[in-house]
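Asks: quick one: sequence and predicted model below, then my questions.
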Amino acid sequence: MSLEPARVGECDTPLCDGAAETITPVGYVCEGCAAEIAAEYEQARERDEVSR
Ligand SMILES: [Zn+2]
């Protein structure tokens, strides 16, 4: 019987089992997912500002 760390260090993105390294608004994710999430957030924010 081994005590595994409870999901610590694992990317929160479903279908991705990379090593979590970065905290984002949607969870603790790996570097690759963090970059994608950051890009999406930037686009969403720009869209928001344009529509106002
Ligand atoms: Zn990931």
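Replies: Ah, there it is. Fair warning: this is a prediction, and the values are worked out from it, not measured in the lab.

Asks: residue contacts, the closest residue to residue 34 other than its chain neighbours?
Replies: Nearest residue to residue 34, sequence neighbours excluded (C-beta to C-beta, 6 or more residues apart in numbering): residue 22, at 3.9 Å. To be clear about C-beta, it is placed using only N, CA and C from the backbone, and glycine gets the same treatment. Residues near residue 22 by C-beta atoms under 8 Å, 6 or more residues apart in numbering: 28-31, 34.

Asks: any idea how far residue 32 is from the closest residue to residue 30 other than its chain neighbours?
Replies: Nearest residue to residue 30, sequence neighbours excluded (C-beta to C-beta, 6+ apart): residue 18, at 3.2 Å. Distance, residue 18 to residue 32, by C-beta to C-beta, to the nearest Å: 6 Å.

Asks: now residue 26
Replies: Counting by C-beta to C-beta, the gap from residue 26 to residue 32 is 14 Å.

Asks: those residues of the protein touching the ion, which are they?
Replies: Counting by C-beta under 5 Å from the ion, the positions of the chain adjacent to the ion are 11, 13, 16, 18, 29-30, 33.

Asks: go with 6 Å
Replies: With C-beta under 6 Å from the ion as the criterion, the chain meets the ion at residues 11, 13, 16, 18, 29-30, 32-33.
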